[in-house]
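Participant: No letters, just coordinates:
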């Protein structure tokens, strides 16, 4: 059963699953596939080439499969595939371009932009007003807070936290077209207002302090603060100011919404088989 509001335009060549609900003024173009038990709210457009997984909710005034820059010079170049996994929650005003692939349990805040050729893993959250430029890769369980800018060609590995107003840059000699992305490795934390210069590595389990201007790569487990950022400690020496206990690596103490919520990280990771481990960028843990 499909329920739809007034003034919807649904292509005869679109495929809609069971128990789909459409608000008013929804447009679903040809070649779109919508899974079962999805809700698409008012004034949202699904352009040709979109695949939306089961159980997803798309807020009002969104565009999925937005046209890339090629549309200006060749309007016949339409329908770049956009794959979104099951149980997505995409809040109102968000625009996701065609040519990207997004895993299950994806979530955005309001007015998020994700450009083309972006690969995003499972259980990723992108906060309100954040902007992910093209040709980026985000791993699994990545958390971007509000107003984060991820420059083109950036790579963010699994279980990374990036806090509000962080900028990952990509142009060493602006203005130019010689872009080189930042690579943030697994379990790193980039605190509020930090700016990371192009082409740098932010090491596994490192911590970038609030407001830092990072001009050199940061080693694994390093704490880097200041302008320019300098390493001031090993993260394993940092203690919780309330309990006095070691605060890092954070995976040993923080479980909320993580896959090790019940068992703890060590037991969870030990339970994974080789194929499952290869699904994460956690190879440094084997060393």
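Facilitator: That came through, no problem. Keep in mind the model is a prediction, meaning the values are calculated, not measured. Numbering: from 1, shown residues only.

Participant: following the strand or helix carrying residue 269, which helix or strand comes up?
Facilitator: Element membership for residue 269, per DSSP states H and E: helix 265-271. Moving toward the C-terminus from helix 265-271, the next helix or strand (DSSP H and E) is helix 274-278.

Participant: State the mean pLDDT of the helix holding residue 269.
Facilitator: The pLDDT scores in helix 265-271 average 94.

Participant: got it, and stretch 101-109?
Facilitator: Rounded mean pLDDT across stretch 101-109 is 98.

Participant: now that stretch, how far from the centre of its chain.
Facilitator: Taking CA atoms, centre = their mean, to the nearest Å, one finds the center of stretch 101-109 at 7 Å from the center of the full chain.

Participant: And the residue nearest to residue 148 when sequence neighbours are not counted, how far from residue 212?
Facilitator: Closest residue in space to residue 148, ignoring its immediate chain neighbours: residue 130 at 4.4 Å, by CB to CB, 6 or more residues apart in numbering. Backbone N, C-alpha and C define where each C-beta goes, glycine included. Remark: distance between residue 130 and residue 212 (CB to CB, to the nearest Å) = 19 Å.

Participant: same question, residue 85
Facilitator: To residue 212, residue 85 is 34 Å away according to CB to CB.

Participant: if you count what's nearby, which of the two comes out ahead?
Facilitator: residue 212 (25 against 22; other CB atoms under 10 Å).

Participant: Now do the contacts for that one.
Facilitator: 191, 194-195, 224-227, 229 (CB atoms under 8 Å, 6 or more residues apart in numbering).

Participant: Which ones among these lie within helices?
Facilitator: If you go by DSSP state H, these have nothing in helices.

Participant: Tell me the one among those residues nearest to residue 134.
Facilitator: Nearest to residue 134 out of the contacts of residue 212 is residue 195 (CB to CB; 20.1 Å).

Participant: How about the closest one: which residues does it bridge to?
Facilitator: Taking DSSP bridges as the rule, residue 195 bridges to residue 167, residue 213.

Participant: what about it, neighbour count?
Facilitator: 19.

Participant: Could you measure from it over to residue 68?
Facilitator: 27 Å.

Participant: pretty sure residue 13 contacts residue 31?
Facilitator: Yes. Here residue 13 reaches residue 31: they are 6.2 Å apart, a contact under CB atoms under 8 Å.

Participant: Now do the shared contacts for these two.
Facilitator: Between them, residue 13 and residue 31 share no contacting residue, judged by CB under 8 Å, 6+ apart.

Participant: and residue 98, what is it in contact with?
Facilitator: 47, 49-50, 65-68, 79-82, 116.

Participant: where in the stretch 151-287 of the chain is pLDDT low?
Facilitator: The stretch 151-287 of the chain contains residues with pLDDT under 70 at 286-287.

Participant: how about the strands in it?
Facilitator: Using DSSP state E, counting those that start in this stretch, the strands of the stretch 151-287 of the chain run over residues 155-156, 161-162, 167-168, 183-184, 189-190, 195-196, 201-202, 207-208, 213-214, 222-225, 230-234.
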